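Undergrad: With the input below, show me the fold.
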Amino acid sequence: MLCFFGRSFVTARVAVGTTHTSFSTSAFTQFPKLKSHSGAKKRFKLLPNGSFKRAKAGHQHLNACKPPARINRLAQATYTYGPQTSKLKKMLPYG
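TA: You can find the predicted model right below:
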């Protein structure tokens, strides 16, 4: 193994017949990547202002008994607010 002492490298044997170079490629340790919530990825889109856009619930099926005004209202997108936005930012750390 090569170890750095002062301005010179010192070679040390690790196993029989092998040598290894031991030095760090970066000064900082890298933490594990954070996982995004797969369900939230499918349902929310991050906007430039920091809030999230989502679809309203109740528009996919059983629409025959709903008034047309309600169906049109459910078709429009809506946006998240305070506590919901902060939870989503933890669930989707990379947007």
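Undergrad: Where does pLDDT dip in the protein?
TA: The chain contains residues with pLDDT under 70 at 1-28.
Undergrad: show me where it has strands.
TA: Secondary structure of the chain (DSSP state E): strands at 2-5, 8-11, 45-46, 52-55, 77-79.
Undergrad: Could you report the neighbour count for the nearest residue to residue 76 once chain neighbours are set aside?
TA: Residue nearest to residue 76 in three dimensions, not counting chain neighbours: residue 56, with 6.9 Å by C-beta to C-beta, 6 or more residues apart in numbering. Placement of C-beta: from N, CA and C, glycine included. Residue crowding around residue 56 was assessed by other C-beta atoms under 10 Å; the count is 11.
Undergrad: Residue 56 contacts residue 78, doesn't it?
TA: Yes - counting by C-beta atoms under 8 Å, residue 56 touches residue 78, with 5.6 Å between them.
Undergrad: longest helix in the protein, by residue count?
TA: Ranked by residue count under DSSP state H, the longest helix found in the chain is helix 82-91.
Undergrad: ok, residues contacting that helix?
TA: 36-37, 40, 44, 50-52, 80 (C-beta atoms under 8 Å, 6 or more residues apart in numbering).
Undergrad: Which of the residues in stretch 66-79 are classified as buried?
TA: Using 16 or more other C-beta atoms under 10 Å as the test for burial, stretch 66-79 gives residue 74.
Undergrad: end-to-end on that stretch?
TA: Using C-alpha to C-alpha, to the nearest Å, one end of stretch 66-79 lies 23 Å from the other.
Undergrad: how far out from the middle of the chain is it?
TA: 31 Å (C-alpha atoms, centre = their mean, to the nearest Å).
Undergrad: now swap in stretch 72-87 and tell me
TA: Mean C-alpha position of stretch 72-87 versus that of the full chain (C-alpha atoms, centre = their mean) differs by 20 Å.
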